[in-house]
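K.L.:
here's my sequence, what's the structure:
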Amino acid sequence: MKIIYENQVKALGVSVEEFKDAGMLIIFGDNAPEELRDYCYSVSVNPINGTIAAGQTLKFGDCAYKITAVGSEAPVTLAGLGHCTINFSGQTNVDLPGTIYVENKPQPDITVGTVIQIVED
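P.N.:
Here you go, the predicted structure:
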């Protein structure tokens, strides 16, 4: 197993649950804009070790999700800002370039300290 990306949740915005009904969550580094901070899971800005691609696995602690599509901007903003939207729709086409799409399963319970990984088997 190769770890492509790894991070850890440092804080939860007070309104992170608001995107759950829409099947999404947002992670963002320390420089999240004030107007978005309440809606984000706060993480550090960490490098990506390889290419993020469909078929890999996105993990939140023990919860694993197959990646179904990756927007062209998602790796750029993830590496540069710690920012990415995760969409739990399972769709294979990219509507939003800053989004990683994963299989349609119930969203994970994320707390401070939850480890986020993208792995390749």
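K.L.:
who does the helix or strand bottoming out on mean pLDDT in the chain touch, helix- and strand-wise?
P.N.:
One helix or strand of the chain scores below all others by mean pLDDT, DSSP states H and E: helix 34-37, with a mean of 91. If contacts are counted by 3 or more CB pairs under 8 Å, 6 or more residues apart in numbering; DSSP states H and E, helix 34-37 sits against strand 24-28. Using the backbone N, CA and C atoms, a C-beta is placed for each residue, glycine as well.
K.L.:
pairing partners for the strand it packs on, with directions?
P.N.:
Applying DSSP bridges, strand 24-28 is found paired with strand 41-42 (parallel), strand 84-87 (antiparallel).
K.L.:
got a list of contacts for that strand?
P.N.:
7, 9, 16, 19, 36-37, 39-43, 78, 81-88, 99, 107, 110, 116 (CB atoms under 8 Å, 6 or more residues apart in numbering).
K.L.:
which residue, other than its chain neighbours, is closest to Gln91?
P.N.:
Nearest residue to Gln91, sequence neighbours excluded (CB to CB, 6 or more residues apart in numbering): Tyr101, at 5.4 Å.
K.L.:
check which element follows the host helix or strand of the one you found along the chain.
P.N.:
Assessed by DSSP states H and E, Tyr101 sits inside strand 99-102. Counting by DSSP H and E, the element after strand 99-102 in chain order, helix or strand, is strand 115-120.
K.L.:
good, wrapping up.
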